[in-house]
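Novice: have a look; sequence and predicted model below, questions after that.
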Amino acid sequence: MTEDSFQSLNSKVDDLISLCAEMKRENQLLKANESNWQSERKQLLERNKEAKSKLESVLVRLKAMDQS
């Protein structure tokens, strides 16, 4: 193997190492974002459930008032 081809190969390996590190950072960021979105979704679903329950309660009271 010549010195030039060895340097070229070494440079390509360094590029791959850098790319791998960059992709690892990006993957960690995406996982953190996914976790945040899942947490927010869970909170929104809970708030939706509470709103639905309150609305059903109001409807029941309105029906009871209408029947009296």
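Specialist: Received, thanks. Residues are numbered from 1 along each chain as shown.
Novice: got a pLDDT number for Asp15?
Specialist: The score at Asp15 is 98. That number is its pLDDT.
Novice: same thing with Met1?
Specialist: The predicted local confidence for Met1 comes out at a pLDDT of 74.
Novice: and Asp66, by the same measure?
Specialist: pLDDT at Asp66 comes out at 86.
Novice: one more: Lys31?
Specialist: 98.
Novice: mind checking how far Ser53 is from Met65?
Specialist: Ser53 sits 19 Å away from Met65, taking Cβ to Cβ, to the nearest Å as the criterion. Placement of C-beta: from N, CA and C, glycine included.
Novice: please disregard the earlier target; I meant Thr2.
Specialist: In this structure, Thr2 lies at 93 Å from Met65, with Cβ to Cβ as the measure.
Novice: kindly report the same for Glu3.
Specialist: 92 Å.
Novice: Trp37 now?
Specialist: Counting by Cβ to Cβ, the gap from Trp37 to Met65 is 42 Å.
Novice: and Lys52, by the same measure?
Specialist: Counting by Cβ to Cβ, the gap between Lys52 and Met65 amounts to 20 Å.
Novice: again, but for Ala51
Specialist: Counting by Cβ to Cβ, the gap from Ala51 to Met65 is 21 Å.
Novice: likewise for Asn48?
Specialist: Where Met65 is concerned, Asn48 sits at a distance of 26 Å (Cβ to Cβ).
Novice: ok, Ser11 next?
Specialist: 80 Å.
Novice: pLDDT weak spots in the chain?
Specialist: Within the chain, no range satisfies pLDDT under 70.
Novice: what about Gln67, neighbour count?
Specialist: By the other Cβ atoms under 10 Å criterion, the neighbourhood of Gln67 contains 6 residues.
Novice: give the contact list for it.
Specialist: In this structure, Gln67 makes contact with no residue, judged by Cβ atoms under 8 Å, 6 or more residues apart in numbering.
Novice: please tell me how far it sits from Val60.
Specialist: Following Cβ to Cβ, the distance that separates Gln67 from Val60 is 11 Å.
Novice: again with Asn10
Specialist: For Asn10, the distance to Val60 (Cβ to Cβ) stands at 75 Å.
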